[in-house]
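**Q** Just to be clear, the model below is a prediction. Sequence and coordinates:
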Amino acid sequence: MKAIFIDEALKQISNEVSLGCLNYTITVEKDSQKIWDHINSKTIPAIIDEITPDKLIYEKHIKDSREFYKKLGKDPSRYRISSEALLKRILQKKDLYTINNVVDINNLISMTSRYSVGSYDVSKLGEKLEFRKGNEGESYKGIGKEMINISYLPVFADEFGAYGSPTSDSERAMITLRSSEIMTVIISFSGTTDLEHWLLQAKKCFETFTNAHDFESKIIV
């Protein structure tokens, strides 16, 4: 597993910043019907039963993330973390996007844990990985989007620049059908209390729905 560390500037804002990292090898497949059967029959109905739209921002992991964004000077309603955006679509009865088996499980874990989760093609990453604050004027091409302003957002970066954030990832390290070694990262602004649990749940999902193997996991604080 590539080493990744959390920049001290983020820790000074909150010592609750932590990452749950899961590395594995997988055959990426576009067809993930089994995953979507599970999401549609179990995950989405449970979410609709558990959360009302007006209570969404008070879910602990979402609330803590929004508070962290405010401390960075970013409007959390404009730069929503991915879990909040996914859950909001579900509560609004909007369709979710199907991408591939890795991204779809990534989103399944995000929906159920309420954490933002990112998955990256390890072959497209450098050797020095860090979770840091976006530099002033920094931006990148988002997946399926135009240029995204990541100034002062918490971002993942290597020696070549930023490649992801809890809000929206870049095209550079996105998962494609040619990807094989993946790093999935659960991003917490709520400490490490249940990160081990969700790493285990993510591993179980990949084992159940895909041919993923050679798992390695680590919690970064």
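**A** Now that the structure is in, tell me what you want to look at. Everything quoted here is computed from the prediction, not taken from an experiment. Numbers count the residues shown, from 1 in each chain.
**Q** who's in contact with the closest residue to E59 other than its chain neighbours?
**A** Leaving aside its chain neighbours, E59 sits nearest to R114 (4.9 Å; criterion: C-beta to C-beta, 6 or more residues apart in numbering). For the C-beta atoms, the positions are set from N, CA and C on the backbone; glycine is no exception. Taking C-beta atoms under 8 Å, 6 or more residues apart in numbering, we find R114 in contact with E59, K60, H61, I62, S83, L87.
**Q** Go through those and single out the one with the most neighbours.
**A** Using other C-beta atoms under 10 Å as the neighbour test, the contacts of R114 are led by S83, with 26 neighbours.
**Q** and M174, how many neighbours does it have?
**A** 22.
**Q** any idea which helix or strand comes after the biggest helix by length in the chain?
**A** Longest helix of the chain, by residue count under DSSP state H: helix 195-209. Using DSSP states H and E, the next helix or strand after helix 195-209 towards the C-terminus is strand 213-220.
**Q** that older thread, in helices, which of the contacts of R114 fall?
**A** Short answer: the contacts of R114 in helices (DSSP H) are K60, H61, I62, S83, L87.
**Q** Pairing partners for the helix or strand bottoming out on mean pLDDT in the chain, with directions?
**A** Sorted by mean pLDDT, DSSP states H and E, the helices and strands of the chain end with strand 147-149, the least confident at a mean of 91. Looking at strand 147-149 with DSSP bridges, its partner strands are strand 139-141 (antiparallel).
**Q** List of residues touching the strand it pairs with?
**A** With C-beta under 8 Å, 6+ apart, strand 139-141 has contacts from M147, I148, N149, I150, S151, G161, A162, Y163, S170, E171, R172.
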